[in-house]
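Engineer: Below is the sequence, then the predicted model.
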Amino acid sequence: MALYFDLKTIEELIGHNYYRQQKEFTLQELAQFDGSNGKPAYVAIEGIVYDVSKVAEWAGGKHFGNTAGQDLTSEFKACHVMTKVDKLPKVGILKE
Ligand code: HEM
């Protein structure tokens with residue numbers, strides 16, 4: 001039996017960001033994803049919402065005094081360069 005997938009389907013299966021539905025988060029919605037009690041941990045940097053749930057350094061949604069579920073642009077910039085987030089899954093964008 002042969003299975004045929006088009007490129008878009010393959011990209012969706014492997015989770016390529018380009019084809020993933022861009023979710024829009026308000027700050028209030030983002031606050032739900034603080035990594036507590038097994039919830040996902042999302043952090044917004046420069047308008048993009050990243051998933052840090054699988055990052056060991058962000059266990060429980062906490063990282064060097066920072067808590068997930070917020071816009072941490074200035075905190076991030078004070079500690080890291082932008083390339084740090086390149087490999088993180090993007091889950092959406094922050095609504096103005
Ligand atoms: C008080 C500010 C912060 C300090 C002092 C800090 C410090 C660190 C240190 C020491 C590490 C481990 C070494 C390294 O990979 O560089 C780390 C890793 C990491 N930090 Fe931060 N960080 C801060 C804020 C943030 C924020 C706001 C984010 C937002 C996403 C972030 C994302 C990450 C990620 C994704 C990693 C790890 C993994 C990797 O690159 O493999 N950090 N941080």
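Structural biologist: Nice, I can see it. Numbers count the residues shown, from 1 in each chain.
Engineer: where does the chain have low pLDDT?
Structural biologist: Residues of the chain that meet the criterion pLDDT under 70 lie in 1, 8-21.
Engineer: Minimum distance to the ligand, which residue of it gives it?
Structural biologist: Cys79 (3.2 Å; C-beta to the nearest ligand atom). All C-beta atoms are positioned from the backbone trio N, CA, C, and that covers glycine.
Engineer: Spatially nearest residue to that residue (excluding sequence neighbours)?
Structural biologist: Excluding the flanking residues, the one nearest Cys79 by C-beta to C-beta, 6 or more residues apart in numbering is Phe64, at 7.2 Å.
Engineer: And for Leu27?
Structural biologist: Spatial nearest neighbour of Leu27, chain neighbours left out: Asp71 (6.6 Å); criterion: C-beta to C-beta, 6+ apart.
Engineer: One more: Glu46?
Structural biologist: Per C-beta to C-beta, 6+ apart, closest to Glu46 is Thr73, 5.5 Å.
Engineer: Tell me the spacing between that neighbour and Asn37.
Structural biologist: From Thr73 across to Asn37, the span is 26 Å (C-beta to C-beta, to the nearest Å).
Engineer: between those two, which one's more packed in?
Structural biologist: More neighbours surround Thr73 than the other of Thr73 and Asn37, with 15 against 7 (other C-beta atoms under 10 Å).
Engineer: Now for the more buried one: which residues touch it?
Structural biologist: 44-46 (C-beta atoms under 8 Å, 6 or more residues apart in numbering).
Engineer: Who is the residue nearest to Leu27 paired with across the strands?
Structural biologist: Here Asp71 sits in beta bridges with Ala44, as judged by DSSP bridges.
Engineer: residues touching it, list them.
Structural biologist: 27, 30, 43-45, 94.
Engineer: and the nearest residue to Glu75 once chain neighbours are set aside, bridged to which residues?
Structural biologist: Leaving aside its sequence neighbours, Glu75 sits nearest to Asn66 (C-beta to C-beta, 6+ apart; 5.5 Å). Residues in a beta bridge with Asn66, per DSSP bridges, are His63.
Engineer: mind listing what Asn66 touches?
Structural biologist: 43, 72, 75.
Engineer: And Lys77, how far from Gly35?
Structural biologist: Distance from Lys77 to Gly35, by C-beta to C-beta: 21 Å.
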